[in-house]
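> structure of the sequence below:
(chains A and B)
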Number of protein chains: 2
Amino acid sequence: MPDITIVGEAQLRALVPLDLAAVDQVERAFLSLATEPVVMPPVLNLALAERHGEVDVKTAYLPRFDSFAIKISPGFFDNPALGLPSLNGLMLVLSARTGLTEAVLLDNGYLTAVRTAAAGAVAARRLARPDAHRVAVIGAGEQARLQLQALALVRKIEHVTVWARDADRAAVCAADIRSRLDLPCVVAGSVDDAFDEADIAITTTPSREPLVHAHHLRRGLHITAMGSDADYKTELSPSVFEAARYVCDRLAQVRVIGELHHAIRAGVVSPETTFPELGQIIAGVAQGRASADDITVCDLTGTGAQDTAIAVLALERARAVGAGTIFHNDMTA
Amino acid sequence: MPDITIVGEAQLRALVPLDLAAVDQVERAFLSLATEPVVMPPVLNLALAERHGEVDVKTAYLPRFDSFAIKISPGFFDNPALGLPSLNGLMLVLSARTGLTEAVLLDNGYLTAVRTAAAGAVAARRLARPDAHRVAVIGAGEQARLQLQALALVRKIEHVTVWARDADRAAVCAADIRSRLDLPCVVAGSVDDAFDEADIAITTTPSREPLVHAHHLRRGLHITAMGSDADYKTELSPSVFEAARYVCDRLAQVRVIGELHHAIRAGVVSPETTFPELGQIIAGVAQGRASADDITVCDLTGTGAQDTAIAVLALERARAVGAGTIFHNDMTA
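The predicted structure follows:
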């Protein structure tokens, strides 16, 4: 049997930084979704209610790659009390020719963070005004920082406002952005204040109530909404659908767990209405921003296609430099 | 982060032989299914039609264990031409307390073979007559051998007949049984001949047409049918349901992919009819064999609960003897 490459989190962080190459790789995943017969089954969810935990398994086959990833994402919400992170996980890379295991990427969720932030950069690169330079960040978690870091790869950012429900966390996040990303950044007292003069807004919260409303939609604005990844989460008021051009990562998915789900439930959008996917805009088969005054929204719920793309990149890089532990799995071993 | 134990196929074969301990462990899985709030989501299937391959992902949480398995089972049907086996795969063991990865069991499908054969032994132990000693084996693949090996752990076998569509393969299988299991074994010229005087029949084929019919059901017979694990596979004629006491591994599953599925489609059984699960018989809450003359059938389609049980056993054994490679996944590693 072929050897298996096992790579730990520290090595993966070094091999796959959040850079333009990662953004380009994730863009290829979206392009595949629009142009190739991608196979992406529904997420497998194992809910361990009595343990306050759950595990999602995502996978997708993209014809452009000779390997595909199976991602295991556990979330165990008593972990912080044990000094452990709630979110963990790993990715397996299998050969699309033989099904044999090629790699075990013990990333503890790092590659998911990268591919999620990279998707935000793809959305902004394709939908935000080229001259967009003022950013509102809603939320103060890991993705607030990473989304901004990724955005700065594709737009020249000159000013950032951060709002979060917890003002202390917002202050820490703003300080991180100033020191780590070297960007001017202030805490906003309200969502309204954060959006004031913003060209781009990134929403990164697990909110169950809309935070962004029609009155926030100034001309030329682009919003990347990446917080909703479950049917009970929502960041955008259904009224946003009436004024903005809505784009999503995967239409079948946002109808069930994305912002579109809530707009349909509110009766603002018909369940049959179709919207462009980000990959269709990349492929040039759907209209993105049509003018500088357009208001665009990109709803990112996360796809197995992104996981496969980032895992393939990680394994290519590991092999190129001989990183990781090689495991021989011969019967005679 | 806790260390991860990585174990290869050769070590797993040594650590987890097909013995009574494996049978007992798989019996615990069935008992859990009947008595505990097991969480066992539907199988995730990734179908790579253009690659002639597919991957199934199975998992189950059993409250009795502090760990659970996620099993990745690829089947790539062009592999033999490359000198590789069609079926492969691995199991991940995760902590049910924290979701953290505890082990990567690179078994290439070995543990699945063991837990499948062990389930057959559980079925025979609970349903076959105590004095059953003549066995008909239908099919000549790996499970034909392993099912018989497992059966011999729970019943004193004195004579075996083997039938397979390919008579040459049947002859090789019979020779293997004679030499490896030291049992008298002859090739039968037909299914009828194989069943003649059999006390136990084991069907292990991927047949798409029934092989076992009502006229095969002599008094006292027990049949373990383990071939059907997809909706297009079937080994038992619906007429068998009219004469035999039918028991299954998981009722919700055999209604979709087991022999029951075909009996319902044939109109022989109503979709609402309930049948006992093997675990209910182990728990003593459902009736198994009621008399020496009863005819019993156990339909085994394979459950994630068995995977978790055998993976937990494998990891316990590996830790007990310090087997496997320990992988430190600290950020600083």
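
> show me which positions of the helix or strand encompassing residue A:279 end up buried.
Assigned by DSSP states H and E, residue A:279 belongs to helix A:278-283. Residues A:278, A:279, A:280, A:281, A:282 are the ones in helix A:278-283 that count as buried (16 or more other Cβ atoms under 10 Å in any protein chain shown). C-beta: built from backbone N, CA, C; applies to glycine.

> run through the stretch 1-150 of chain A and note the low-pLDDT ranges.
Counting by pLDDT under 70, the stretch 1-150 of chain A has no low-confidence residues at all.

> quick one: the helices in it?
Ranges of helices in the stretch 1-150 of chain A, per DSSP state H, counting those that start in this stretch, are A:9-15, A:20-35, A:110-127, A:142-154.

> so the residue of the stretch 201-333 of chain A found nearest chain B: helix, strand or coil?
Chain B sits closest to residue A:329 of the stretch 201-333 of chain A, with a gap of 4.6 Å, by Cβ to the nearest Cβ. Here residue A:329 takes the coil state, with states given by DSSP: H, G, I helix; E, B strand; the rest coil.

> mind listing what it touches?
By Cβ atoms under 8 Å, 6 or more residues apart in numbering or on different chains, the contact list for residue A:329 reads A:1, A:3, A:4, B:8, B:9, B:106, B:108.

> need the buried ones from these selected in ChimeraX.
To isolate the buried members of the contacts of residue A:329 in ChimeraX, using 16+ other Cβ under 10 Å:
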select /A:1,4 /B:8,9,106,108
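
> for chain A, longest strand please?
Counting residues, the longest strand found in chain A (DSSP state E) is strand A:67-76.

> for it, name the packing helices and strands.
strand A:53-60, strand A:90-95, helix A:304-321, strand B:90-95 (3 or more Cβ pairs under 8 Å, 6 or more residues apart in numbering or on different chains; DSSP states H and E).

> up against chain B, what does the stretch 51-200 of chain A have?
With Cβ under 8 Å from any Cβ of the partner chain as the criterion, the stretch 51-200 of chain A meets chain B at residues A:51, A:53, A:55, A:57, A:59-61, A:63, A:68, A:70, A:72, A:74-76, A:78-79, A:82, A:84, A:88-90, A:92, A:94, A:96-101, A:104, A:106, A:108.

> buried ones among the residues you listed?
Buried members of these, scored by 16+ other Cβ under 10 Å, are A:51, A:53, A:55, A:57, A:59-61, A:63, A:68, A:70, A:72, A:74-76, A:79, A:84, A:88-90, A:92, A:94, A:96-101, A:104, A:106, A:108.

> center of chain A, which residue is that?
In chain A, the C-alpha nearest the mean C-alpha coordinate belongs to residue A:116, at 2.2 Å (Cα atoms, centre = their mean).

> if we can go back for a sec, of the helices of the stretch 1-150 of chain A, flag the one that's most buried.
helix A:110-127 (a mean of 26; mean count of other Cβ atoms under 10 Å in any protein chain shown).

> can you lay out the buried residues of helix A:278-283 as TSV showing pLDDT?
Listed next are these as TSV, based on pLDDT from 0 to 100:
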residue	pLDDT
A:278	98
A:279	98
A:280	98
A:281	98
A:282	98
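
> residue B:254: which of those is nearest?
Nearest to residue B:254 among the buried residues of helix A:278-283: residue A:279, at 39.9 Å, using Cβ to Cβ.

> my guess is that closest one meets residue A:30, correct?
Yes: counting by Cβ atoms under 8 Å, residue A:30 is a contact partner of residue A:279 at 3.8 Å.

> burial count for residue A:182?
Residue A:182: 9 surrounding residues under other Cβ atoms under 10 Å in any protein chain shown.

> and it, what does it touch?
Residue A:182 touches nothing, counting by Cβ under 8 Å, 6+ apart.

> any residue of stretch A:28-37 up close to chain B?
Yes: using Cβ under 8 Å from any Cβ, stretch A:28-37 reaches chain B at residue A:37.

> ok, now which ones touch the nearest residue to residue A:245 once chain neighbours are set aside?
Using Cβ to Cβ, 6 or more residues apart in numbering or on different chains and skipping the chain neighbours, the partner closest in space to residue A:245 is residue A:296 (4.9 Å). Counting by Cβ under 8 Å, 6+ apart, residue A:296 touches A:127, A:128, A:221, A:222, A:223, A:244, A:245, A:247, A:288, A:289.

> bridged to residue A:296, which residues?
For residue A:296, the beta-bridge assignment (DSSP bridges) gives partners residue A:222, residue A:245.

> my read: residue A:255 touches residue A:265, true?
No: look at residue A:255 against residue A:265 with Cβ under 8 Å: they stay out of range, at 10.5 Å.

> okay, now the domains of chain A?
Domain assignment for chain A by automatic domain parsing gives A:4-111+A:305-327, A:128-303.

> just the pLDDT for residue A:328.
On the pLDDT scale, residue A:328 is placed at 87.

> find the nearest non-adjacent residue to it, please.
Spatially, and ignoring its direct neighbours in sequence, residue A:328 is nearest to residue A:3 (5.6 Å; Cβ to Cβ, 6+ apart).

> list the contacts for the nearest residue to residue A:251 once chain neighbours are set aside?
Spatial nearest neighbour of residue A:251, chain neighbours left out: residue A:277 (5.8 Å); criterion: Cβ to Cβ, 6+ apart. Contacts of residue A:277 were listed using Cβ under 8 Å, 6+ apart, and they are A:30, A:33, A:34, A:247, A:248, A:249, A:250, A:251, A:286.

> gap between the third one and chain B?
Read it as residue A:34. Relative to chain B, residue A:34 is positioned 18 Å away (Cβ to the nearest Cβ, to the nearest Å).

> can you pull the contacts of residue A:3?
Here residue A:3 is in contact with A:326, A:327, A:328, A:329 (Cβ under 8 Å, 6+ apart).

> so which of those is the closest to residue A:13?
Of the contacts of residue A:3, the one sitting nearest to residue A:13 (Cβ to Cβ) turns out to be residue A:326, at 20.0 Å.

> is chain B contacted by the host helix or strand of the closest one?
Per DSSP H and E, residue A:326 falls inside strand A:325-327. Yes: Strand A:325-327 reaches chain B (Cβ under 8 Å from any Cβ) through A:325, A:327.

> kindly report the same for stretch A:305-314.
No: Stretch A:305-314 lies out of reach of chain B by Cβ under 8 Å from any Cβ, never closer than 10.6 Å.

> surely residue A:164 and residue A:174 touch.
No: between residue A:164 and residue A:174 there is no contact under Cβ under 8 Å: 9.4 Å.

> what ranges do the strands span in the stretch 101-250 of chain A?
For the stretch 101-250 of chain A, strands defined by DSSP state E, counting those that start in this stretch occupy the ranges A:101-105, A:134-138, A:159-163, A:185-187, A:200-203, A:222-225, A:245-248.

> contact partners of the first one?
Okay, so that is strand A:101-105. A:2, A:4-7, A:12, A:67, A:69, A:90-95, A:111, A:311, A:314-315, A:318, A:324, B:6, B:72, B:88-90, B:104, B:106.

> how far does that strand sit from its chain's centre?
In terms of Cα atoms, centre = their mean, to the nearest Å, the centre of strand A:101-105 is set 22 Å apart from its chain centre.

> strand partners (parallel or antiparallel) of that strand?
Its sheet considered, strand A:101-105 pairs with strand A:4-7 (parallel), strand A:90-95 (antiparallel) by DSSP bridges.
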